[in-house]
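Colleague: with the sequence up front, the predicted model follows.
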Amino acid sequence: MIKGIIFDLDGVICSTDVYHFEAWKQTMKKLGVNIDQNTMDKLRGVGRVEGFKMMLNDAKITLSEQEIIKYCDEKNELYKNLLNKMSYSDVSDENRAALYKLKEKGIRLAIGSSSKNARLVLEKIGLRDFFDAVSDGNDLKAAKPDPEVFLKAADMIELPPAECFVVEDAESGIDAAKNGGFTAIGISAAAKYERTDYPINSLSEIIGILEKTGTETKI
Ligand code: BG6
Ligand code: MG
């Protein structure tokens, strides 16, 4: 019986990829590296430092831990400035309507994001106080595909993983969900992933999946 849904944020509720890309492009240029969309696809769902280390590895660049932190901080300042462009309209009407409908049905809703900026993004898109819980990249010990971020979210909404869906756009996020014992819904790139239980094109399709699988809701 599904009673809760944990949503990844970037790429599921809204698209911040373009801002991550721009900020990383400027940062990597300082190291003489040009990145493209393929690189960005590999960074989807991956934490900031882990993603930077992946790019350094690909470019065969070695930096000290102190330098890594410095570049990641610089990237984050650029990214946060770019986030100022985000607003309520960055969530499609269809997705916003689906979220409100799920809430009306009495489903507990949480965010499970690797981003340390999750609360800032939620504020920009007008959903800061919408979710019952926010589990984000702050204080995380292990990055996706470790299930920690989703297990924390499930704990916050007081449900076991077996009673929650996780909605993800990254393969590493689907792996995290499955590793934690959750049912995984995949959107965008994750819709085609073999470990995804239910592929979707839009959040509105979740309502149909809930009806098919059966839920204990107010209605
Ligand atoms: C994930 C994004 O949600 O958060 C990644 O998909 C990003 O691209 C990661 O690197 C970390 O985000 P932040 O905001 O903490 O740098
Ligand atoms: Mg994502």
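Modeller: Received, thanks. Predicted model only: the values in this text are computed from it and were never measured. Residues are numbered from 1 along each chain as shown. Ligands and ions are numbered 1, 2, ... in the order given.

Colleague: just the pLDDT for residue 214.
Modeller: Residue 214 is assigned 69 on the pLDDT scale.

Colleague: now do residue 45
Modeller: What the model reports as pLDDT for residue 45 is 88.

Colleague: hang on, it packs against residue 114?
Modeller: Yes: counting by Cβ atoms under 8 Å, residue 45 touches residue 114, with 6.2 Å between them. Heads up, the C-betas are built off the backbone N, CA and C, glycines and all.

Colleague: find residues that contact each of the two.
Modeller: Common contacts of residue 45 and residue 114 (Cβ atoms under 8 Å, 6 or more residues apart in numbering): residue 144.

Colleague: which non-adjacent residue is nearest the closest residue to ligand 2 within the chain?
Modeller: Closest approach between the chain and ligand 2, counting by Cβ to the ion: residue 11, at 3.6 Å. Closest residue to residue 11 apart from its sequence neighbours, by Cβ to Cβ, 6 or more residues apart in numbering: residue 169 at 3.5 Å.

Colleague: burial of that neighbour, as a residue count?
Modeller: The number of residues packed near residue 169 is 23, by other Cβ atoms under 10 Å.

Colleague: residue 128 too?
Modeller: Residue 128 is flanked by 13 other residues according to other Cβ under 10 Å.

Colleague: tell me the phi and psi of it?
Modeller: Main-chain torsions, residue 128, degrees, to the nearest 10: phi -60, psi -40.
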